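# dropping the sequence and predicted coords here.
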Amino acid sequence: MLRDDELTTANILIEDSSIQKISKLPPSNRPDTKIDASRLIAIPGLIDVHVHLRDMELAHKETFETGTQAAAAGGFTTVLDMPNTKPPTINRDRLAEKISKAKGRIYSNVGFQAALVEDPAELRAMSKEGAIAFKLYLNKALETFDAADDNSLRKALDAARDARAMVTVHAEDGVAIHAIQEKSRAEGRGSVRDFLEAHKPEFEVSAVRRILELSKNHALRVHICHISTPEGVRLVRKNGIATCEATAHHLLANDRIFLKQGTRAICVPPIRREAYRRKLWSMFAKGWVDILASDHAPHTLEEKTKTNAWEAAPGLPGLETTLPVMHTQVARNAISLRRLVDATATLPAKIFGLHRKGRLAVGFDADIVLLDPKAKIKIEPSNFFSMAKYSPFAGMRCVGRAAYTIVNGSIVAEGGRIIGPAAGSIVRRTD
Ligand code: DOR
Ligand code: ZN
Ligand code: ZN
């Protein structure tokens, strides 16, 4: 197992869905199930703070079952679902409805992010219902209030502070992007290049700057989602309190992907040029980007494959590729296993306040991945559990994958197959 920075050999005893004992010597009592993990590395189950599980009226894209099976197969034992569903998670009843629909159907643990709204009573109610964080879309994706207006945004941030809630942000200047998009459409343009031209890196930087500036006097925890620009990361670090996440596709792919995959590789913020990717990677490796998240955003292939880029649904699945593609970088010594585990387990648990998760220690939940660091696999989207059978990493040869994924003490996935029950529980904000 990975302990601090070292690999050590140990027996991990699981009882009643939590870790009971970690010892050099085998436990004295005979366990019901025993896994010989001598060629594997036990790491904390991965936590993905940014996942779109869809379901409900978007069940043609993904369901609670398929999304959490994808999570478990990919080594994620806990995922946080995003509120831009149909219907969106904008009040307490919607959140309660989502929680009750997910119960009994989930193969990984699931927590919910709700939408940031202006009404403090509603925010408190959603928080009490268990919302882990509140998502703010500055790109106009989910307009619960006019976030382009500083006064409205201040009001919502005040409400979040009063609820002692954390705000997660899609930081892109939606007004500026929309203006370029409308002009482009009116002129009959719609290539991938036109799309990239509208989603400029500068529009991410200005949105990051704006939200950090506005949140300053609110003593508020702000987390920037899927950061894709080095300047954005610098602003987050300068702020001192804020945190950020990056995706594997922003860290490992560049805009040459569009030559191969066209509109299928579109997501927002988009995959950037190589110079951005390289700098973002080095910042991630140093720990300046706190968290690795997938932004698993499934769509149907039909919705992705369009001649006009403005018609293509933005979003890429990532639950089944993130661990293999990132572990391949560990195998190449581009980052340490410790950094990968920090970015996918330790820090997500700490930053999002997920108690008893993110570490292998006595008393913690038995959410464990037995990593096979030598496994050779090829990314094959047609084999995904996710309904989104496409990937920017399609065809890539990787080293390393989850040999076993254990959720609340149950073996849910083995060797890329789902073998266990829907053992996931709902994760709620508890403080
Ligand atoms: O690419 C994206 N897809 N970015 C988002 O912010 C939303 C997401 C989705 O829900 O499809
Ligand atoms: Zn987003
Ligand atoms: Zn997203």
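Arrived safely, thanks for sending. Ligands and ions are numbered 1, 2, ... in the order given.
# ok, for the residue most central in space within the chain, nearest residue in space, not its chain neighbours?
By C-alpha atoms, centre = their mean, the chain has its centre lying nearest to His50, at 2.8 Å. With C-beta to C-beta, 6 or more residues apart in numbering as the criterion, His50 has its nearest non-adjacent residue at 3.8 Å, and that residue is Ala293. All C-beta spots, glycine's among them, are computed from the backbone N, C-alpha and C.
# next one: that neighbour relative to ligand 1, how far apart?
Note on Ala293: its distance to ligand 1, by C-beta to the nearest ligand atom, to the nearest Å, is 12 Å.
# now do Tyr390
To ligand 1, Tyr390 is 13 Å away according to C-beta to the nearest ligand atom.
# pretty sure that residue sits against Leu301.
Yes: Tyr390 lies in contact with Leu301 (C-beta atoms under 8 Å); the separation is 5.9 Å.
# more neighbours: the two, which one.
Tyr390 (20 against 12; other C-beta atoms under 10 Å).
# tell me which element the more buried one is part of?
Using DSSP states H and E, Tyr390 falls within no helix or strand.
# how about it, what does it touch?
Tyr390 makes contacts with Gln261, Arg264, Leu301, Lys304, Leu316, Pro317, Pro381, as judged by C-beta atoms under 8 Å, 6 or more residues apart in numbering.
# counting neighbours, which of the residues you listed comes out on top?
Counting neighbours by other C-beta under 10 Å, the top entry in the contacts of Tyr390 is Pro317, with 31 neighbours.
# need the contacts of Tyr390 in CSV with distance to ligand 1, can you?
CSV is the format used below for these (distance: C-beta to the nearest ligand atom, whole Å):
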residue, distance to ligand 1
Gln261, 14
Arg264, 12
Leu301, 14
Lys304, 10
Leu316, 7
Pro317, 10
Pro381, 17
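# out of the residues you listed, which two sit at the greatest distance?
Gln261 and Pro317 (13.1 Å; C-beta to C-beta).
# one step back: which residues are in contact with both of Tyr390 and Leu301?
Arg264.
# need the contacts of Tyr390 in CSV (columns: secondary structure and pLDDT).
Below are those laid out as CSV (DSSP: H, G, I helix; E, B strand; the rest coil; pLDDT from 0 to 100):
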residue, secondary structure, pLDDT
Gln261, helix, 98
Arg264, helix, 98
Leu301, helix, 98
Lys304, helix, 98
Leu316, strand, 99
Pro317, coil, 99
Pro381, helix, 98
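# for stretch 202-222, what is the average pLDDT?
Stretch 202-222 shows a mean pLDDT of 93.
# so that stretch, near ligand 1 or not?
No: Stretch 202-222 does not reach ligand 1 (C-beta under 6 Å from any ligand atom); its nearest approach is 11.7 Å.
# then that stretch to CSV, C-alphas only?
Output in CSV follows, covering the C-alpha atoms of stretch 202-222 (Å, rounded to 0.1, in the frame of the first residue of the first chain):
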residue,chain,number,x,y,z
GLU,A,202,-8.6,35.2,-22.1
PHE,A,203,-12.3,34.7,-21.3
GLU,A,204,-11.4,32.1,-18.7
VAL,A,205,-8.7,34.4,-17.2
SER,A,206,-11.1,37.3,-17.0
ALA,A,207,-13.8,35.2,-15.4
VAL,A,208,-11.4,33.7,-12.8
ARG,A,209,-10.2,37.2,-12.0
ARG,A,210,-13.8,38.5,-11.6
ILE,A,211,-15.0,35.8,-9.3
LEU,A,212,-11.9,35.9,-7.1
GLU,A,213,-12.2,39.7,-6.9
LEU,A,214,-15.9,39.5,-6.0
SER,A,215,-15.5,36.8,-3.5
LYS,A,216,-12.7,38.6,-1.6
ASN,A,217,-14.9,40.4,0.9
HIS,A,218,-17.1,37.5,1.4
ALA,A,219,-14.7,35.2,3.2
LEU,A,220,-15.9,32.5,0.9
ARG,A,221,-14.3,29.3,-0.3
VAL,A,222,-14.2,29.4,-4.1
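# for it, buried residues please.
For stretch 202-222, the neighbour count (16 or more other C-beta atoms under 10 Å) marks 203-212, 214-215, 218, 220-222 as buried.
# what's the answer for stretch 99-114, then?
Buried residues in stretch 99-114, counting neighbours by 16+ other C-beta under 10 Å, are found at Ile99, Ala102, Arg105, Ile106, Tyr107, Ser108, Asn109, Val110, Gly111, Phe112, Gln113, Ala114.
# quick one: contacts for Lys279?
Pro230.
# Thr247 versus that one, what's the distance?
Distance of Lys279 to Thr247, given as C-beta to C-beta, to the nearest Å: 15 Å.
# how about Asp146?
Using C-beta to C-beta, Asp146 is found at 28 Å from Thr247.
# ok, the two, which is more surrounded?
When Asp146 and Thr247 are compared for neighbours, Thr247 comes out ahead with 28 against 13, by other C-beta under 10 Å.
# next one: that one from His60, what distance?
When C-beta to C-beta is the yardstick, Thr247 and His60 sit 24 Å from each other.
# do the same with Lys21
On the measure of C-beta to C-beta, Lys21 and His60 end up 45 Å apart.
# now do stretch 60-76: distance from first to last residue.
22 Å (C-alpha to C-alpha, to the nearest Å).
# can it be said to contact ligand 1?
No: figure legend: stretch 60-76 not in contact with ligand 1 (C-beta under 6 Å from any ligand atom); closest approach 8.3 Å.
# quick check: buried residues in that stretch?
Neighbour-count burial for stretch 60-76, counted by 16+ other C-beta under 10 Å, picks out 61-76.
# and the buried residues of stretch 99-114, which two are furthest apart?
Distance extremes for these: the farthest pair is Tyr107 and Ala114 at 22.5 Å, using C-beta to C-beta.
# so which bits of the stretch 251-400 of the chain are right by ligand 1?
Counting by C-beta under 6 Å from any ligand atom, the stretch 251-400 of the chain comes close to ligand 1 at Cys267, Val268, Ala297, Pro314, Gly315.
# now these in a markdown table, with pLDDT, secondary structure and neighbour count?
Formatted as a markdown table, those follow (pLDDT from 0 to 100; DSSP: H, G, I helix; E, B strand; the rest coil; neighbours: other C-beta atoms under 10 Å):
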| residue | pLDDT | secondary structure | neighbour count |
| --- | --- | --- | --- |
| Cys267 | 98 | coil | 23 |
| Val268 | 98 | coil | 20 |
| Ala297 | 99 | coil | 24 |
| Pro314 | 98 | coil | 20 |
| Gly315 | 98 | coil | 19 |
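# quick one: the closest residue to Leu25 other than its chain neighbours and ligand 1, what's the gap?
Nearest non-adjacent residue to Leu25, counting by C-beta to C-beta, 6+ apart: Asn11, 7.0 Å away. Counting by C-beta to the nearest ligand atom, the separation of Asn11 from ligand 1 is 42 Å.
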